[in-house]
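Student: Need a 3D model of the following:
(2 chains)
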Protein chains: 2
Amino acid sequence: MSPQETNQFPNNTEVPEIVIARLPQYLRVLHTISDSGIDVISSLQLGKQMQVTPTQIRKDLSHIGRFGKQGKGYNVGYLATELQRVLGLNKNWHVCLIGIGRLGRAILNYPGFAPEGFQIKAAFDIDTAVIGQTIGGLTIQPIDDLKDDISKHNIKIGITAVPSNMTQKVVELLTSYGITSILNYAPMYPQVQPHIKVRNVDPVLALQSMTYYLNRPTNGAEV
Amino acid sequence: MSPQETNQFPNNTEVPEIVIARLPQYLRVLHTISDSGIDVISSLQLGKQMQVTPTQIRKDLSHIGRFGKQGKGYNVGYLATELQRVLGLNKNWHVCLIGIGRLGRAILNYPGFAPEGFQIKAAFDIDTAVIGQTIGGLTIQPIDDLKDDISKHNIKIGITAVPSNMTQKVVELLTSYGITSILNYAPMYPQVQPHIKVRNVDPVLALQSMTYYLNRPTNGAEV
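Tutor: Residues are numbered from 1 along each chain as shown, chains lettered A, B, ... in the order given. Predicted coordinates for the structure are as follows:
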């Protein structure tokens, strides 16, 4: 353990998962700010970009270290570098994809993963009509190869794009081979052990969080 | 305003946006619980399903009303119904989609929207090779039809699936026609007025929130 007061991983104190989930959003916004030539930003300005209160920002960032002095604002570059380090984004991560339907194909061709350090190294399906096809530079393999490929390619993250009724089974297969981080595209929540992290790409949840605002009696009138 | 103490929209007190974003997740989990025949659930059990603390659950739900008594647990059906009402999910919402590339096609064929009350009523592109095609039962229209169709179909939500460098422009077009809720699939954050709600479907952010755990010195050892 580091003797520093502002420890990255304070003893026994987990950084709340909901805070961890927000940190990449801070990083994204900081990169945009940095690209526009701004070096220092106040929590008020950063909050405006993130659509959260300055207090929330100070609270969130206090979990991972001490950044900025009261009234001085944050050093954009330093904060971004620290966030990258804490989140493990200063290295590349190898990913496998299971399920090569229409969505799986869009995922294989998605241009956003590689520049951010996420490389899909292997893709799997159970459909013999799909196995052997080359999509996005990868040859689709039978699911039986999964175990060996995870080891061979040092794969740490699995993406599931299979139908809902197969997702739990595929997630269990991945975790049985040592995968602890899973990005799930199916509209269901797989059940996993506490040390397994699952994130659900779920556009319906996103839509459902906006209808609240559409549904308000004050809709359209508030500032 | 309702005279009730537990007002749905307390005067001047906004429910935090981050809480609103979690409520659909509660609803999803409650439906799963209900489907398995459970009528009452403790905040401990609900927290386990949601992977958050019972305290967090009680705090989140306190924003929208009073549910359950200390030690009694939550009535699953009642809580789900109230969440649906608060979130405006007891009605259908009409949606338009802009950008009919590979991703747009996957979105048009996504089976998860309609059962949840989100109906894509119109789809638009600028590519004359795409306009006129029928995908997922919809004929792709030129973007020039957008304004009239929003009004004609009572569309309240826009989905953008255009390239990053076109997204800001398309978002501004939508908001200029009165759309206040936008689901954006491009890997960038559009800048909008405070009363406009944008949700980003962003798989990279989800991946980046898991590498934190993969990157920890204790990874694999913690319980």
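Student: Every contact and neighbour count from this point should use C-alpha atoms.
Tutor: OK.
Student: so after the longest strand along chain A, what's the next helix or strand?
Tutor: Longest among the strand segments of chain A by residue count, using DSSP state E, is strand A:118-125. Moving toward the C-terminus from strand A:118-125, the next helix or strand (DSSP states H and E) is strand A:134-135.
Student: ok, and what's touching whichever helix or strand comes after that following strand?
Tutor: Later in the chain than strand A:134-135, the nearest helix or strand by DSSP H and E is strand A:138-139. For strand A:138-139, the surrounding residues in contact (Cα atoms under 8 Å, 6 or more residues apart in numbering or on different chains) are A:121-123, A:131-133.
Student: moving C-terminal of strand A:138-139, what's the next helix or strand?
Tutor: Criterion used, DSSP H and E; the element after strand A:138-139 is strand A:141-142.
Student: strands paired with that following strand, and their directions?
Tutor: In the sheet, strand A:141-142 lines up against strand A:118-125 (parallel) (DSSP bridges).
Student: Dump the strand it pairs with to CSV, restricted to CA.
Tutor: What follows is strand A:118-125 as a C-alpha-only set of coordinates in CSV (Å, rounded to 0.1, in the frame of the first residue of the first chain):
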residue,chain,number,x,y,z
PHE,A,118,-9.6,-2.0,-27.5
GLN,A,119,-8.7,-4.5,-30.2
ILE,A,120,-11.1,-7.3,-31.2
LYS,A,121,-8.7,-10.2,-31.7
ALA,A,122,-11.2,-13.0,-32.2
ALA,A,123,-14.8,-13.5,-33.2
PHE,A,124,-17.0,-16.5,-32.6
ASP,A,125,-20.4,-17.9,-33.6
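Student: which of the contacts of strand A:138-139 tops the neighbour count?
Tutor: A:A123 (28 neighbours; other Cα atoms under 10 Å in any protein chain shown).
Student: Is stretch A:194-203 in proximity to chain B?
Tutor: Yes - shown here: stretch A:194-203 in contact with chain B (Cα under 8 Å from any Cα of the partner chain) through A:194-195, A:197, A:199-203.
Student: Hmm, which of these is lowest in pLDDT?
Tutor: For the residues of stretch A:194-203 next to chain B, the least confident position by pLDDT is A:D202, scoring 84.
Student: domains for chain A, by residue range?
Tutor: By the assignment in automatic domain parsing, chain A contains the domains A:17-86, A:93-204.
Student: quick check: mean pLDDT across the shortest one?
Tutor: The reference is to domain A:17-86. What domain A:17-86 shows for mean pLDDT is 86.
Student: Show the residue spans covered by the helices in chain A.
Tutor: With DSSP state H, the ranges of helices along chain A come out as A:17-35, A:43-50, A:54-62, A:76-86, A:102-108, A:146-152, A:164-176, A:203-215.
Student: quick revisit: quick one: work out the angle between the longest strand of chain A and helix B:203-215.
Tutor: 100 degrees (axes from the mean of the first three to the mean of the last three Cα atoms, to 10 degrees).
Student: Mind putting the helices of chain A into a markdown table with distance to A:H94 and mean neighbour count?
Tutor: Output for the helices of chain A, formatted as a markdown table (distance: least, Cα to Cα, whole Å; neighbours: other Cα atoms under 10 Å in any protein chain shown):
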| stretch | distance to A:H94 | mean neighbour count |
| --- | --- | --- |
| helix A:17-35 | 18 | 18 |
| helix A:43-50 | 29 | 18 |
| helix A:54-62 | 28 | 15 |
| helix A:76-86 | 17 | 18 |
| helix A:102-108 | 13 | 20 |
| helix A:146-152 | 9 | 15 |
| helix A:164-176 | 14 | 17 |
| helix A:203-215 | 25 | 22 |
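Student: and those as CSV, adding distance to B:D145?
Tutor: Below are the helices of chain A laid out as CSV (distance: least, Cα to Cα, whole Å):
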stretch, distance to B:D145
helix A:17-35, 33
helix A:43-50, 32
helix A:54-62, 41
helix A:76-86, 42
helix A:102-108, 27
helix A:146-152, 47
helix A:164-176, 35
helix A:203-215, 23
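Student: Kindly reformat the domains of chain A as a markdown table containing distance to A:T211.
Tutor: Listed next are the domains of chain A as a markdown table, based on distance: least, Cα to Cα, whole Å:
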| stretch | distance to A:T211 |
| --- | --- |
| domain A:17-86 | 18 |
| domain A:93-204 | 11 |
